[in-house]
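[1] model the structure of this input:
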Amino acid sequence: MRYKIEGDRVLFSLSSTCEHLYLIGTFTNWKLDEGFRFEKSGDVCRLTKYVNEVNKIGNSGFIEYVIWNEVTQAPVDIENFKNGYCFNNQSNGGLNQLLFLEKPSECQLKEISEASKQSFIIKNQKSHFSSDYQFANFRPVIGGKLKPDWLFRSYHPVTPSRANHSELKMIEPTRQEAVMALIEHHQIHSVINLSDNEAVLADSMLSAPDSYYKQRWQAGSIHSVPVSYETVYFMSDRNEALNHDELGFEDGIRRLIAVVAEHEGPYLVHCRLGSDRTGVTCAFFQLLMGASKQEIADNYLKTNQLGIGEYRSFRLLERALQAAMGDDCFSDSVQKVKAYLKRLNIPEELIMQAKANLSGLNSARSA
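    As a prediction, this is how the structure comes out:
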């Protein structure tokens, strides 16, 4: 499979006798789309798309795709793999091809190759982890004026994320026990749940055994801010919800600021893995409080130690924040975030109270 970029278009060509080939990838949400069907001319299949039609990155941080054979219901085999030009296909353990809009450097190719290798790692025993914190994907969020050990992030403490994964389902209960124990150990007061709406949360809590987390829910301290993976990474430039029972990115930010401003810490943010929605949310708080880009990247990338056969590039997070607040959002971040929040018509006093609470000021529990 070969492609070349000419101006604002990408030209794909493939030698094949098959008449039912499609380009599927991050840009089609890995679904079949008639607009991405190859046209056959002799022994060559061709497809031309505009760059903006395919410019959506995957977990590798680059555009990912495969050529799908509708007859065999399988991807076309890739020959002569080159390190850095392919990445873990997390749905079948195979490999996706990468599309580069600019020629990658040797350093980039090496980083991609190493990340792809790491992405295949499965840790299916608690002994594979250095601590309960790593096992539970539980850690403090630091940087700028954030109070140490005041804002945390974690795996979902109630709903298993890999219950159907053949190699991981057996350790899910133990992982969630670890999350629960750490939530209680750190006496988390307010929880931001990014994966469950109020109805789903209530249903799971009513049938859940007693726990510190359930007690916080009964006290009204578990706050639902439901957003999707797609929303935080690829719809952060607008206020459009992916699903009817979720929030758009901007409404999600409004809700996050209100929750932190109106409730006491210590705080915990979680989604399912504690990776994507949690990663973007925590990075937003870090920017608000003046954390450096390196502190944000270091915190975000630690989820890759979870060993679930997946990987997240920092480029995903970087693109999400820049789409919302501008390419320079990591420079003078406090002012950039403040200006963004004002564009969302969030009152100045609410912003200042949120910042005061995240810094541990004006709170009896911070003493």
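[2] leaving out the residues flanking it, which one is nearest to the spatially most central residue of the chain?
    Residue closest to the average C-alpha location in the chain (CA atoms, centre = their mean): residue 276, at 1.9 Å. Among residues not flanking residue 276 along the chain, residue 229 sits closest, at 5.0 Å (CB to CB, 6 or more residues apart in numbering). All C-beta atoms are positioned from the backbone trio N, CA, C, and that covers glycine.
[3] what about that neighbour, neighbour count?
    Neighbourhood size, residue 229 [other CB atoms under 10 Å]: 17.
[4] oh, and call the first residue 876 from now on, that's how I've got it
    With the count now opening at 876, the last piece we talked about shows up as residue 1104.
[5] so residue 941 sits in a strand?
    Yes - Residue 941 forms part of a strand when assessed by DSSP: H, G, I helix; E, B strand; the rest coil.
[6] about what we covered before: hang on, the residue nearest to residue 1151 packs against residue 1152?
    Yes - using CB atoms under 8 Å, residue 1104 is in contact with residue 1152, at 6.6 Å.
[7] strands of this protein, start to end?
    Ranges of strands within the chain are 877-881, 884-890, 896-900, 914-916, 919-925, 938-944, 949-950, 961-964, 969-974, 1014-1015, 1026-1029, 1065-1068, 1097-1099, 1142-1145, based on DSSP state E.
[8] for the last one, packing partners?
    Looking back up the chat, that one is strand 1142-1145. Contact analysis of strand 1142-1145 by 3 or more CB pairs under 8 Å, 6 or more residues apart in numbering; DSSP states H and E lists strand 1026-1029, strand 1065-1068, helix 1151-1163 as its packing neighbours.
[9] same question, the fifth one
    The helices and strands touching strand 919-925, judged by 3+ CB pairs under 8 Å, 6+ apart, are strand 884-890, strand 896-900, strand 914-916.
[10] got the buried residues for it?
    For strand 919-925, a neighbour-count test (16 or more other CB atoms under 10 Å) marks 920, 922, 924 as buried.
[11] now do the contacts for residue 1094.
    By CB atoms under 8 Å, 6 or more residues apart in numbering, the contact list for residue 1094 is empty.
[12] with the one 3 residues further on instead?
    Taking CB under 8 Å, 6+ apart as the definition of contact, the neighbours of residue 1097 are 1066, 1068, 1076, 1080, 1088, 1091.
[13] gap between the residue nearest to it when sequence neighbours are not counted and residue 1088?
    The shortest distance from residue 1097 to any non-neighbouring residue, by CB to CB, 6+ apart, is to residue 1066 (4.7 Å). Remark: distance between residue 1066 and residue 1088 (CB to CB, to the nearest Å) = 7 Å.
[14] likewise for residue 1179?
    25 Å.
[15] more crowded one of these two?
    Shown here are residue 1179 and residue 1088; by other CB under 10 Å, residue 1088 has more neighbours (24 against 19).
[16] quick check: nearest residue in space to that one, chain neighbours excluded?
    Nearest residue to residue 1088 in three dimensions, chain neighbours excluded: residue 1032, at 5.1 Å (CB to CB, 6+ apart).
[17] that neighbour: neighbouring residues, count only.
    Neighbour tally, residue 1032, other CB under 10 Å: 28.
[18] which residues touch it?
    Counting by CB under 8 Å, 6+ apart, residue 1032 makes contact with 1051, 1054, 1055, 1058, 1086, 1088, 1145.
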